[in-house]
Each structure stands twice: as structure tokens, then as C-alpha cells.
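A.B. asks: sequence below, structure please.
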Amino acid sequence: MNNQGCKRMALEDKISALPDDILLTILSLLTLKQAVATSILSQRWRYLWTSLHTLNFRYEEILHRNDGDTDNEWGCKIYGANYMERFKQVVNQVLRSHKALKLHEFGIHYPLDASCGDLIDIWVAFAIAFKVSKLELNFSTNQVPIWVCSFKNYSFPLDLFDKTKTIEPYLVQLDRVFSVCAPPLNVDNGFECLRELFLKSVDLTDEQFETILSSCTFLECLHVLYSSRLVNVKHAVPHIKL
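C.D. replies: Numbers count the residues shown, from 1 in each chain. Just a heads-up that it's a prediction; the model follows:
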């Protein structure tokens, strides 16, 4: 082995000798696909990615786009059953392997709808179980041609955020999630600790919106875009920080 190869191995050994916390910080700067790929480096790295505190599933990173695909062809593919099934399999495989005690960020970025509602609910429940700080669901269809879209409204399950479960989300971001189900009367939704709420293309009535805001006593930043059913928004929380 030449000197350059020896130096490279020595550097790799020094990096591998770093504490897990530092290595996980390094992995968090990579895409999820890149982080998982580090498992082949050595035994030291094999399962390290399973302790990541950030899980962002983006279709453009997980699915392969052929060089010759036009935007429309690519959009049709990601909305097709084969690509969608592949995306869901990857998410489920990663979640089954996950070992961290807490999640800082959890994101799903794929044009999904109510046909996958039960599975999306499971993913959201998973994030909540690991005390996620930032939750993002982005079902935007920017890449999907309008003529292949036949979306059915997915309703965000507010009842999962029962504050008796000590959920403390810092930021919730929903992009084209379509609607939000108000929690049942016997559930006090746990958005008390929420600092930032981002709603884009979310179908909400004034009453539903006010119900959500009523529990966001520490809310500091609110973004609402393209919610056509909101007409006369009020909130009855005098100490809200907005």
C-alpha cells in the first residue's frame, strides 16, 4: 500500500474513534440515503445511522430518476404505484431499524393522500412516540402533472397529540395535507409547547383553526398559505405570543 493509502486509512481510523455523538452530528449533515450508505464503511459504522435524531424522507433522494426523464415523466413515475410502494418500503425499513431515544426532526416529502392514510398515521405516531421536536409532512404535487392527480383528502390526526402523553412539538409543518381533524372532545390536544406552525394548502374552517390556536399558548410564529375556507379568523387566547 502506498503512503497516500496509509494516510487515508489513518484518517478514517481517527474519525471512527470519535464518540458516537460527534459521528451522529456528522451523519446528520448528510442526506438520509448517504447516512445509511456509511454502514458499509466498517463494523464501527454499520449500525450508527440507526441512532440518527433526524429522519427526513425525500422522494428525490430515495428514488432514482433516469437522466432522460422529462419533468412530466418523472412526475408521473413518482405518483405511480411502483415508485410509491418503493418509497413506503424504504420508510418502513428505516423506522424498523431506528434505535434513537428521541427524534429532533421527522419529515415525509412525497405526494401522498388518504389512500395511504393509515400508514401516514403510523408514521406520525412513530414520530410522536420518539418525542419529535419538528414534524413536517409535505405532500406537495409540484412535480406531478395535474392530469395524473386524483388526490383524496388526508386528515392530519390531531388526536394523536394528546397532551397527557407529554408530547412537546416545537414546530409542525404541513404542506398540502388537505385537512386537519379536530380532536375528539375528550382529547386535549398537546400543542401547548408548539412555537411554530406552518400550514400550506391545508383545508381548514375558521372553527377548526380557532380550536387549534386555542391550545397554542406559546406559539411565536404562524404561517398560513392557500387555505381558501378561512374567512374570518379569530383567536381567544390573550396571552398568545403572536
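A.B. asks: assumed residue 217 was part of a helix.
C.D. replies: No - under DSSP: H, G, I helix; E, B strand; the rest coil, residue 217 falls outside any helix and is assigned coil.
A.B. asks: below-threshold pLDDT in this structure: ranges please.
C.D. replies: Within the chain, the segments meeting pLDDT under 70 span 1-13, 141-151, 162-170, 176-190, 235-242.
A.B. asks: the same query, at a cut-off of 90, please.
C.D. replies: Applying pLDDT under 90 to the chain flags residues 1-18, 41-44, 59-84, 110-117, 128-129, 131-134, 138-242.
A.B. asks: go ahead and flag the most central residue of it.
C.D. replies: Centrality entry for the chain: nearest residue to the mean C-alpha point is residue 107, 1.1 Å, by CA atoms, centre = their mean.
A.B. asks: quick one: residues contacting that one.
C.D. replies: 55-58, 134-138 (CB atoms under 8 Å, 6 or more residues apart in numbering). (Glycine included, C-beta is placed from N, CA and C.)
A.B. asks: switch those over to JSON lines; also include neighbour count and distance to residue 31.
C.D. replies: JSON lines is the format used below for these (neighbours: other CB atoms under 10 Å; distance: CB to CB, whole Å):
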{"residue": "55", "neighbour count": "23", "distance to residue 31": "11"}
{"residue": "56", "neighbour count": "17", "distance to residue 31": "8"}
{"residue": "57", "neighbour count": "21", "distance to residue 31": "10"}
{"residue": "58", "neighbour count": "16", "distance to residue 31": "7"}
{"residue": "134", "neighbour count": "19", "distance to residue 31": "17"}
{"residue": "135", "neighbour count": "23", "distance to residue 31": "19"}
{"residue": "136", "neighbour count": "18", "distance to residue 31": "15"}
{"residue": "137", "neighbour count": "24", "distance to residue 31": "18"}
{"residue": "138", "neighbour count": "22", "distance to residue 31": "15"}
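A.B. asks: one step back: report the secondary structure state of the residue nearest to the centre of the chain.
C.D. replies: When classified by three-state DSSP, residue 107 comes out as strand.
A.B. asks: how close does it get to residue 21?
C.D. replies: 22 Å (CB to CB, to the nearest Å).
A.B. asks: same check on residue 51?
C.D. replies: For residue 51, the distance to residue 21 - CB to CB - is 10 Å.
A.B. asks: those two: which is more packed in?
C.D. replies: Neighbours per residue (other CB atoms under 10 Å) separate residue 51 from residue 21, with residue 51 holding more: 16 against 9.
A.B. asks: please name the nearest non-neighbouring residue to that one.
C.D. replies: Among residues not flanking residue 51 along the chain, residue 100 sits closest, at 4.7 Å (CB to CB, 6 or more residues apart in numbering).
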